[in-house]
Structures are given as C-alpha cells and as structure tokens.
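here is a sequence with its predicted model. Questions after.
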Amino acid sequence: MVGTLYVNSGGQLSAASTYTATYNVTLSSTNGVGTMNLTLISDSSDALTVHDYSVTGLVANPYNLTMSVDGQTIVLPWISNSTIWKQNNESYIASWGPAAPTAQQVGLIAPQDFPGLQPGYYLVLILTVPSQPSNNIPFMIATYAESSPA
C-alpha cells in the first residue's frame, strides 16, 4: 500500500500553523506483519525522529484497515464518499487533531504514534492500493479455503 501522512501544527486541517509536513508512506506486509516507511516530501523541516516502523496485526477489509505500528493501534476506515478528503476517496483514512471539528476526525490515530510529533498536531494518514479500481469496495485481501482429502 502507498499513501501520505500530512501533519499540521495548527491542530486541524488547513489551520494557520508554524509547522506543516507531508510524507510519502509505503506499507508492506505479509500475513499481517511488515514495515511502514515515511519519507519527507514537503519542503519543510522533518519533525519525525523515526521513519521506519514495525507493523503487526495488519488486517484490511472493506470497512477498515487495522494495524499495530510499533505497538500503537491505528485504525483507518475505508472512505468512499468524503467531501473533506474528496481527492482521496476510495482510500483508508485516519485523522485527528485537538482543534479539529468532528468531521475532520476519523479512525484511531494520534501524534504520539509518530515520535517527534507534538501532542497538539493534526495529522491525516491516507493509505490506498495503487491498482485499486475506483468506485469499488477495497480489494480482496486473501481467500483461504482448507480442503480435506477425498
């Protein structure tokens, strides 16, 4: 999966701030275990002190993506019809900020999940499958059927 992490020190989306940053996110996993890498792409300083994270317990379904990132639980609901993140519809999205209106808060995520970010920062994590067809529920993660000998 690929995506972005957006950070704003103003505590909500589009707030006046002293710090904003955008990171490319790459998430790789096999059987629910893998890594997540964050690479700064904006022309700003880098507040993060960690860029590579261990991922465990990753489960993606048509409604949520749930994972433990370095021991912190993050939940990203599947967003298909958002006016706030319209350009990112058909993605898993989690966002939170202390000054953010309810409509700008979705899933389970916190600045404390990413060492270096301040508790009052607003953040949005967006993940998607690069080849996911638009206007469709998320891809089939896996199908396993155990067969018995005849």
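Sure, I can see it. Residues are numbered from 1 along each chain as shown.

tell me the centre residue of this structure?
For the chain, the residue sitting closest to the mean C-alpha position, by C-alpha atoms, centre = their mean, is residue 125 at 3.2 Å.

so it touches residue 74, yeah?
Yes. If you go by C-beta atoms under 8 Å, residue 125 and residue 74 touch, sitting 7.1 Å apart. C-beta here means a position set from N, CA and C on the backbone, and glycine is covered the same way.

let me know whether residue 57 touches residue 32 as I believe.
Yes. Counting by C-beta under 8 Å, residue 32 is a contact partner of residue 57 at 5.7 Å.

looking at those two, which is more packed in?
Neighbours per residue (other C-beta atoms under 10 Å) separate residue 57 from residue 32, with residue 32 holding more: 15 against 12.

please determine how far that one is located from residue 111.
In this structure, residue 32 and residue 111 are 25 Å apart, going by C-beta to C-beta, to the nearest Å.

same check on residue 25?
Residue 25 is 15 Å from residue 111, by C-beta to C-beta.

do the same with residue 51
For residue 51, the distance to residue 111 - C-beta to C-beta - is 15 Å.

who has more neighbours, these two?
residue 111 (21 against 15).

which non-adjacent residue is nearest the more buried one?
residue 117 (3.9 Å; C-beta to C-beta, 6 or more residues apart in numbering).

can you pull the phi/psi pair for the one you found?
phi -80, psi 140 (degrees, to the nearest 10).

and for the one 3 residues further on?
Dihedral angles of residue 120 (phi, psi; degrees, to the nearest 10) stand at phi -90, psi 0.

isn't it up against residue 11?
Yes. In this structure, residue 120 is within contact of residue 11 by C-beta under 8 Å, at 5.4 Å.

quick check: neighbours shared by residue 125 and residue 74?
Here residue 125 and residue 74 have 94, 109 as joint contacts, going by C-beta atoms under 8 Å, 6 or more residues apart in numbering.

between residue 57 and residue 32, which contacts overlap?
residue 67.

does anything pack onto the strand or helix carrying residue 6? Which helices or strands?
Element membership of residue 6 [criterion: DSSP states H and E] is strand 2-8. Judged by 3 or more C-beta pairs under 8 Å, 6 or more residues apart in numbering; DSSP states H and E, the packing partners of strand 2-8 are strand 20-30, strand 122-128.
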